[in-house]
Every structure is written in structure tokens, then in C-alpha cells.
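1. whatever this is, show me its structure:
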Amino acid sequence: MNPNDDATVSTDEVVAAAALVDLPLSDDDATAVGALLSQWIPAAQELNARMRAAENTAIAPITTFTTPDFPHQTSEGAGAP
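-> Numbers count the residues shown, from 1 in each chain. Okay, the predicted model is just below:
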């Protein structure tokens, strides 16, 4: 990203990131991805700042992801279904 503008993602940056994972992108696609990310980043930064505020420290996700073969801690004890 441009060091002078934290929200701008250039087409060259998108192309470089895509190349790291061997993802072929056309110039039009790379331009579209850069524009999309440039729009998303300010909102993500704002949400991050809001969630780090002291009044939100007790908030936890309502959805958790589990694996059937992993022993989970429940009110009945570890490994209870």
C-alpha cells in the first residue's frame, strides 16, 4: 500500500500479491480488486478501532467453530458432548 495513504491498494500491489500465490489476474481484474480493497480497508480499520474500545472488551463471537474429535470444555467438564 502507498505509505502516504493507508487505504489505497494499487493494481501493482494486487498483481504482486496474486503472483505470490500463483493466481493469474487480468489487468482489469487486478484494477477491480485494488479498487474494492481500497474501499473496504477504511471501514475495516474503523471497525477494528471500535471493537478495541474499552466498552467492547467483553464482547465475544456468538458463533464458535469446533471439531468433533477435539475435547471441548463445557459446563459439564472437558470432553462432554
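2. just the helices in this protein please.
-> 11-20, 27-51 (DSSP state H).
3. could I get these as a markdown table with mean pLDDT, distance to F65 and mean neighbour count?
-> Any C-beta I mention is one placed from the backbone N, CA and C, and that applies to glycine too. A markdown table is the format used below for the helices of the chain (pLDDT from 0 to 100; distance: least, CB to CB, whole Å; neighbours: other CB atoms under 10 Å):
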| stretch | mean pLDDT | distance to F65 | mean neighbour count |
| --- | --- | --- | --- |
| helix 11-20 | 96 | 26 | 14 |
| helix 27-51 | 93 | 19 | 13 |
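4. for A58, find the nearest of these.
-> Smallest distance to A58 across those (CB to CB): 11.4 Å, for helix 27-51.
5. just checking, what packs against that closest one?
-> Helix 27-51 sits against helix 11-20, with contacts defined as 3 or more CB pairs under 8 Å, 6 or more residues apart in numbering; DSSP states H and E.
6. which outside residues touch stretch 29-45?
-> M1, D6, A7, T8, V9, S10, T11, E13, V14, V15, A18, L25 (CB atoms under 8 Å, 6 or more residues apart in numbering).
7. repeat that with 6 Å
-> A7, T8, V9, S10, T11, V14, V15 (CB atoms under 6 Å, 6 or more residues apart in numbering).
8. which ones are touching the last one?
-> Under the criterion of CB under 6 Å, 6+ apart, the neighbours of V15 are A30.
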